[in-house]
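Undergrad: Give me coordinates for this.
(2 chains)
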Amino acid sequence: MSFRARHLLGIDHLSPQEIVALLDLAEEYVALNRRTIKHSDALSGMTQINMFFENSTRTQASFELAGKRLGADVMNMSMQTSSVKKGETLIDTALTLNAMHPDLLVVRHPSSGAVNLLAEKVNCAVINAGDGRHEHPTQALLDALTIRRAKGRLQRLTIAICGDIAHSRVARSNLILLGKMENRIRLIGPNTLMPAGVAEMGVELFQDMREGLKGADVVMMLRLQRERMDGGFIPSEREYFHRWGLDAEKLALAAPDAIVMHPGPMNRGIEIDGTIADDINRSVIQDQVEMGVAVRMAALDLLARNLRAERGRAAAGVMV
Amino acid sequence: MTQTYFTNARLIDPEGQTDQQGSLLVRDGVIEAISGVQEPAPEGATVIDCDGKALAPGLIDWGVKIGEPGERHKESFRSAGRAAAAGGVTTIIARPDTMPPIDTPEALEFVTRRAADAPVNIRHMSSLTKAREGREMVEIGFLTDAGAVAFTDGVRPVTDSKILHRCMTYARGLDALIVGHPQDASLSRGAAATSGKFASLYGIPAVSPMAEVMGMDRDLALVQMTGCRWHADQITVAASLPAFERARSAGLDVTAGISIHHLTLNEFDVGDYRTFFRFTPPLRSEDDRQAMVQAVADGVIDVIASFHTPQDEESKRLPFEIAAPGAVGLQTLLPAALRLYHQGGLSLPQLWRAMSLNPAKRLGLPGGRLSKGAPADLVLFDPNAPFVLDRFSLLSKSKNTPFDGARLEGRVLGTWVAGQSVFKGDA
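TA: As a prediction, this is how the structure comes out:
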C-alpha cells in the first residue's frame, strides 16, 4: 500500500499515487455500502472522535457513518457548546483529548490551520474535516472519485469551478488535487470572490461564465458563503444568479456530457437552478454524498493501518 | 434621405486639433464629409451658410444634476434639455444624486424614460452604492446592461476603503467606469471655503486643499490594487496633480475632470458672501486656478464640465456656510470656457478636446468629433459676440449662476442633434 501519511490534513502532501490508492480502496467501500450488511472490522477496537467546532450536519454524519461501518467506537463532540465556550484553548482541548487515548480524530474548525495545530499535540491520527478557508481534503477526494466514476478517468479533463472561490476550502483542495492529476482547471466568478494571487496557481480565470463553461467536462458549482462575508461581495443575489448562477442556457455551453457537481448545501436559485440540480442526467450531486461515506471509510482505514504499523514498530523497538 | 450642408464654417476639430475654414455635409443624421475647400452644395441639400462662424462638435457635459426624481421644481428633463440645446450641449451625462438616487435598474429605467422629454441626448450615471450610503454596492452588472455609463456617489465619497475596494474589484470584472470625488470627507466635513486668509477674514468654515490630495492618494492606491477604470470628477488643486500624473504614467487607467467654475473663478470671487459662488469643492486660490488651466492645456486634465447643479432661490438665500452648493451651467459652459480662449490660455480645439472629444472617448460614446460617420451633434457659435448675462434669461428652472451680470463673449447660433436642429439663436 502506497499510502504513508500519518494524518490527512490536506491534499498538498499527498502524491498522485497515494490519491489513487485511496480512491481504489474507496471503490471497495462503495460496493460494501451498497450491500445489505454494510459492515467491516477494519477499525474494530479503535476509537474515533468527531470534534466539530463549527456546524456541519452532513460531513459529521458522513464521518460518523463511515466510522461505525468500519466497526470503530465513534463519539461526536459538538465543541460549540463545550469547554471552548468556557475559555479553554485549543491546545488544552487537545491535551485533554489525548488523555482519553483516541485513535482517530476528525476535526472541523472555523480557523485555517487550527487542525494542523491540533495534530501536532495529539498522539492519534487526525483528519481535517474542513478548517476555515484552508482545506477540506475528503471533499476533494470524494469529488475526485465521483468524477472518475462518471467520466472514466481523472486526467485530461476540463474542470470549471464556479462561484465563491475566495471563501471556499473545497475549491482550494480541489484545485490542488485536480491539478496534481493534470487536469485543466478554470475558475469562474466575480473578482470580489476570487482570492488574490490565484492566477499564479496554474489555472485559467474567467469573469464571464459563458466563456468559462465552453467545452467543460465537469462543472463544479460552489455555495455562496454568505455567513463568511462581512459586507457585500456581490451587489445582490439576483444579479449573482443572472451572471454566475448555473442554468440550462449556460450549461448548454459545456461539453454535451458534462456533469454538474455541488458540495452542498445548495442555495437554489442563487448559484444553481433547482431543475439542473435535480436533473439525473447531468447532476451527480447525490453521487457525491454517496462517495463521501466511501472515501471517508477509505481514509479512516488507511490512517488506522498506518497508525497500527507505527505502534507495532514502536512496540517492537521497546521489545528490542 | 435628408442632407444638410454647412458651408463657410470655421471647423473646430478636437481630434485633429485643427481650426480651419471649410464645409461639412450631414446625411441622415451622420457626418458624411468634411472638406477644407468650398464646394457646391449637393443637390437637394439644405444649405446653412455659417458666415465664417465656428462649427464644432456639440458639448458633452459630464455630471449634470437634473431634479428628477425628487426636485423637479429645481430642474426637469425638459427644462435641462432646453437649456442644454441653448448652450450648445448635445449630450448630457446625468448625475445619480437625485432623491431617491439612481441606484437600481428600475430607477434607471424611470429616468431613461423621462429623458425622452429633452431635445438632446441624455445618458445616465448610476450611484456606486445603494442609497449613496457607502455600505453596499449597487447592481453594477444589471445597471450596466440597462445603460449606466459610469458609477459614482458624487460628492459623497465612499469613506470605508474596504467597501470602495470591493466596488472597484467588482467593477473591474465588468469593465465598468467608476467616477470618484477625491476628498478626505472627514477633513472637509462642514467646510464651505478653501482655508486661507480670505476664509479666515470672513470667518467661513474652511478646508485645506490637502483634503483633496489625501482623497486622491487613497483612491489611486485602491485603483492600483484593483486595476479598475477610474475618473476623478474634479481635480481642483495643483498639489493633487503629481500623484495623478504618476498614476497615469504608471499605466493606471485613470482620467480626470474639472468644473468650468474652478477654471474661471477663484476664492476671492465669493466676495461679500455671495452664495452663487458656493461650490463643492470650494473655489480655490488663483495659483491653483492657473495650474488647472495649464493642466487642461497639457492634457493632464481630460474633461471640462459644467457640473450643472440647479438650486432654487430658497436654497441659496441663506447664510453662506449653510447655503446649498453648486451652480447651473448648461447654458454658460460655452461662453465661460471661451474666457479661457480669449485670455490666451487654451485654443478652441484644446477646449473642445476637453468638452467634447475626451468625455465621448472615456464614456464610449460615438459623438464628440468632427469625422465621417460620427453623429451630427453640432454647435455653431460666434466666439467673439459679447453680451451681459442676465440670469433670468436662462432656460433652466433654477437661475443660480455666478455669472449673473458678467460680461461674456461667445453666443450659440445653432445646435443640432443627429442632424436635427434643436436650437436656433439670434445671429
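Undergrad: Just to check, B:Pro119 is in contact with B:Ala418?
TA: No - contact criterion C-beta atoms under 8 Å: B:Pro119 and B:Ala418 do not qualify, at 10.7 Å. C-beta: built from backbone N, CA, C; applies to glycine.
Undergrad: What segments of the stretch 1-150 of chain A are strands?
TA: A:47-52, A:73-78, A:104-109, A:125-131 (DSSP state E, counting those that start in this stretch).
Undergrad: repeat for the stretch 301-427 of chain B
TA: Under DSSP E, counting those that start in this stretch, the stretch 301-427 of chain B gives strands at B:303-305, B:378-388, B:407-417, B:420-424.
Undergrad: now do the stretch 1-150 of chain B
TA: Using DSSP E, counting those that start in this stretch, strands in the stretch 1-150 of chain B cover B:3-13, B:18-27, B:30-35, B:46-49, B:54-57, B:59-64, B:89-94, B:121-124.
Undergrad: in the longest helix seen in chain B, what's buried?
TA: In terms of residue count, the longest helix belonging to chain B (DSSP state H) is helix B:210-226. Within helix B:210-226, the residues that count as buried by 16 or more other C-beta atoms under 10 Å in any protein chain shown are B:210-220, B:222-223, B:226.
Undergrad: between those, which is nearest chain A?
TA: For the buried residues of helix B:210-226, the residue nearest chain A by C-beta to the nearest C-beta is B:Thr226; the value is 7.7 Å.
Undergrad: Smallest gap between the stretch 1-150 of chain A and chain B, at which residue?
TA: Closest point on the stretch 1-150 of chain A to chain B, by C-beta to the nearest C-beta, is A:Arg133, at 16.9 Å.
Undergrad: I'd guessed that residue sits against A:Ser168; true?
TA: Yes - assessed by C-beta under 8 Å, A:Arg133 is found in contact with A:Ser168 at 7.2 Å.
Undergrad: Give me the more crowded residue out of the two.
TA: Neighbours were counted for A:Arg133 and for A:Ser168 using other C-beta atoms under 10 Å in any protein chain shown; A:Ser168 has more, 25 against 19.
Undergrad: residues touching the nearest residue to that one once chain neighbours are set aside, list them.
TA: Excluding its sequence neighbours, the residue lying closest to A:Ser168 (C-beta to C-beta, 6 or more residues apart in numbering or on different chains) is A:Leu222, at 5.0 Å. By C-beta atoms under 8 Å, 6 or more residues apart in numbering or on different chains, the contact set of A:Leu222 is A:161-165, A:168, A:170-171, A:262-263, A:271.
Undergrad: Of these, which belong to strands?
TA: A:161-162 (DSSP state E).
Undergrad: Would you convert the contacts of A:Leu222 into TSV that also reports distance to B:Ala171 and pLDDT?
TA: Conversion of these to TSV gives the following (distance: C-beta to C-beta, whole Å; pLDDT from 0 to 100):
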residue	distance to B:Ala171	pLDDT
A:Ile161	23	97
A:Cys162	20	97
A:Gly163	19	95
A:Asp164	18	93
A:Ile165	19	93
A:Ser168	23	91
A:Val170	27	93
A:Ala171	23	94
A:His262	28	97
A:Pro263	29	94
A:Glu271	21	94
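Undergrad: May I ask which two of the contacts of A:Leu222 are separated the most?
TA: A:Ile165 and A:His262 (14.2 Å; C-beta to C-beta).
Undergrad: Just to check, A:Arg149 is in contact with A:Ala294?
TA: No - A:Arg149 lies out of contact with A:Ala294 (C-beta under 8 Å); the separation is 10.4 Å.
Undergrad: When those two are compared, which one has more neighbours?
TA: Just comparing A:Arg149 and A:Ala294: by other C-beta under 10 Å the higher neighbour count belongs to A:Ala294, 26 against 18.
Undergrad: my guess is that one is in a helix, correct?
TA: Yes - A:Ala294 forms part of a helix when assessed by DSSP: H, G, I helix; E, B strand; the rest coil.
Undergrad: Could you report the pLDDT at it?
TA: A:Ala294 is assigned 98 on the pLDDT scale.
Undergrad: Could you do A:Met1 as well?
TA: pLDDT, A:Met1: 56.
Undergrad: same deal with A:Leu97?
TA: 86.
Undergrad: which ones are touching it?
TA: A:49, A:51, A:105, A:122.
Undergrad: repeat that with 6 Å
TA: By C-beta atoms under 6 Å, 6 or more residues apart in numbering or on different chains, the contact list for A:Leu97 is empty.
Undergrad: Would you mind measuring from it to A:Leu104?
TA: 12 Å (C-beta to C-beta, to the nearest Å).
Undergrad: what's the answer for B:Leu263, then?
TA: 74 Å.
Undergrad: again, but for B:Asp219
TA: 53 Å.
Undergrad: again, but for B:Met168
TA: The value you get for B:Met168 to A:Leu104, if C-beta to C-beta is used, is 47 Å.
Undergrad: Can you pull the residues of the stretch 201-320 of chain A lying near chain B?
TA: A:207, A:232, A:235-236, A:239, A:243 (C-beta under 6 Å from any C-beta of the partner chain).
Undergrad: so which of those is the most crowded?
TA: A:Pro235 (25 neighbours).
Undergrad: give the contact list for that residue.
TA: With the criterion set at C-beta under 6 Å, 6+ apart, A:Pro235 makes contact with B:137-139.
Undergrad: per-residue pLDDT, the nearest residue in space to it that is not next to it in sequence?
TA: Leaving aside its chain neighbours, A:Pro235 sits nearest to B:Glu139 (4.3 Å; criterion: C-beta to C-beta, 6+ apart). Predicted confidence (pLDDT) for B:Glu139: 97.
Undergrad: cool, the one 4 residues further on as well?
TA: What the model reports as pLDDT for B:Leu143 is 98.
Undergrad: So it is in contact with B:His124, correct?
TA: No - B:Leu143 is beyond contact range of B:His124, at 9.1 Å (criterion: C-beta atoms under 6 Å).
Undergrad: Looking at these two, which one has more neighbours?
TA: Between B:Leu143 and B:His124, counting by other C-beta under 10 Å, B:Leu143 is the more crowded of the two (28 against 23).
Undergrad: and the closest residue to the more buried one other than its chain neighbours, how many neighbours does it have?
TA: In space, and not counting its chain neighbours, B:Leu143 is closest to B:Ser126: 4.4 Å by C-beta to C-beta, 6+ apart. B:Ser126 has 28 neighbouring residues, counting by other C-beta under 10 Å.
Undergrad: Show the contacting residues for B:Ser126.
TA: With C-beta under 6 Å, 6+ apart, B:Ser126 has these contacts: B:96, B:102, B:138, B:143, B:148, B:151.
Undergrad: repeat for A:Asn55
TA: With C-beta under 6 Å, 6+ apart, A:Asn55 has no contacts at all.
Undergrad: make it 10 Å
TA: A:78, A:80, A:108, A:110, A:227 (C-beta atoms under 10 Å, 6 or more residues apart in numbering or on different chains).
Undergrad: Who does the first one form a beta bridge with?
TA: Right, A:Ser78. Under DSSP bridges, the beta-bridge partners of A:Ser78 are A:Phe52.
Undergrad: For it, give me the pLDDT.
TA: 79.
Undergrad: Likewise for the third one?
TA: For A:Arg108, the model assigns a pLDDT of 94.
Undergrad: mind listing what it touches?
TA: A:50-56, A:59-60, A:63, A:79, A:114-115, A:127-132, A:136.
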